[in-house]
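[1] test case, fold it:
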Amino acid sequence: MSGVASYLRSLNIDEPFVRQSSSNEFYHTDALGSVLALTNHTGVVQTTYDYEAFGKTTITGISANPFQYTGRENDGTGLYYYRARYYSQVLHRFLLEDLIGLRGGLNLYAYVNGSPMIKRDPFGLQPGDKFQYEHEVTIDFEKFINPRSIAENREYASWIYRDENGQYTYTNPRPGTESSSHPGLRPSGVDVTAVTHTHGAPDPRFNSEEFSPQDATFANKQNVNIYVATPNRNILLYNPKETRQQRVVGPTLSGLQRSKGVSGRKN
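    Residues are numbered from 1 along each chain as shown. I've put the predicted structure just below:
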């Protein structure tokens with residue numbers, strides 16, 4: 001099946017519903033977003049996909065569909081495109097080093113810390129990289145996720161949590177709309193300390209350089225800190241215990257600038 005195709009998707013990352021071409025194909029996926037089967041409009045299976053743990057793919061049937069393991073693009077050479085880096089299903093690793101270097105671990109090419117049955121990495125940035133301090137996570141989030149958020153003019157959000165070794169990391173960024181986002185289900189079994197999100201592109205309808213009342217309400221309800229990466233590439237922190245926002249102005253919190261209260265995103 002060849003020719004030009006368009007896709008019907010959800011707002012979630014890498015979640016196609018329908019491949020629309022000369023005859024529509026409907027996606028059926030597992031919990032990691034890997035495509036298991038394509039059916040036609042009557043529900044008859046046309047193509048199936050089987051995967052080994054690290055993504056080696058066996059296809060039964062004929063389809064030009066490129067979205068397969070964890071919902072990412074198989075380029076037909078044994079490589080999957082994970083946005084920031086290419087991943088080899090044969091080598092079980094990325095082909096480029098982790099962009100944050102050794103802060104992500106000693107293995108600069110590792111895929112999801114060797115846990116492909118329960119994790120995925122849609123940006124090739126390995127949410128799961130470990131940091132000593134909470135604010136370092138949101139600096140990493142701003143560096144790698146905010147440019148995409150600005151380009152698409154939609155928000156992204158993730159939970160920040162502390163693992164069993166006391167190191168901080170974040171969940172897969174979850175896309176939202178131009179004016180709202182949600183990090184998804186709160187992780188269980190770990191110490192959730194914060195949520196971080198973006199505000200998309202500059203928009204005269206919104207005060208995107210400040211927190212919104214909804215941001216503060218969410219932080220207060222969840223009893224966690226909340227960070228926002230703004231269109232001007234600033235990072236703000238709101239601590240519900242202090243009910244005021246702080247501006248993160250470097251790799252440490254030693255130079256925080258404080259402002260009164262939390263302002264609204266909407267004008």
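[2] and residue 142, which helix or strand is it part of?
    Using DSSP states H and E, residue 142 falls within helix 134-152.
[3] list the buried ones in that helix?
    Residues of helix 134-152 classed as buried under the neighbour-count rule (16 or more other C-beta atoms under 10 Å) are 134-142, 144-146, 148-150. The C-beta positions use only the backbone N, C-alpha and C, and glycine is treated the same way.
[4] how about stretch 19-29?
    Quick answer for stretch 19-29 (16+ other C-beta under 10 Å): 19, 21, 25-27, 29.
[5] now stretch 86-95
    Residues 86-89, 92-94 are the ones in stretch 86-95 that count as buried (16+ other C-beta under 10 Å).
[6] sketch out the low-pLDDT regions of the stretch 151-267 of the chain for me.
    Applying pLDDT under 70 to the stretch 151-267 of the chain flags the ranges 243-245, 248-267.
[7] ranges for the strands of it?
    Here the stretch 151-267 of the chain has its strands, by DSSP state E, counting those that start in this stretch, at 156-162, 168-170, 174-175, 191-198, 225-229, 235-239, 244-248, 257-259.
[8] what helices and strands are in contact with the third one?
    What it means is strand 174-175. With contacts defined as 3 or more C-beta pairs under 8 Å, 6 or more residues apart in numbering; DSSP states H and E, the packing partners of strand 174-175 are strand 156-162.
[9] remind me what the strand it packs on packs against, helices and strands.
    So strand 156-162, by 3+ C-beta pairs under 8 Å, 6+ apart, packs with helix 134-152, strand 168-170, strand 174-175, strand 191-198.
[10] so how many other residues sit close to the nearest residue to residue 223 once chain neighbours are set aside?
    Excluding the flanking residues, the one nearest residue 223 by C-beta to C-beta, 6 or more residues apart in numbering is residue 240, at 6.4 Å. With neighbours defined by other C-beta atoms under 10 Å, the count for residue 240 comes to 18.
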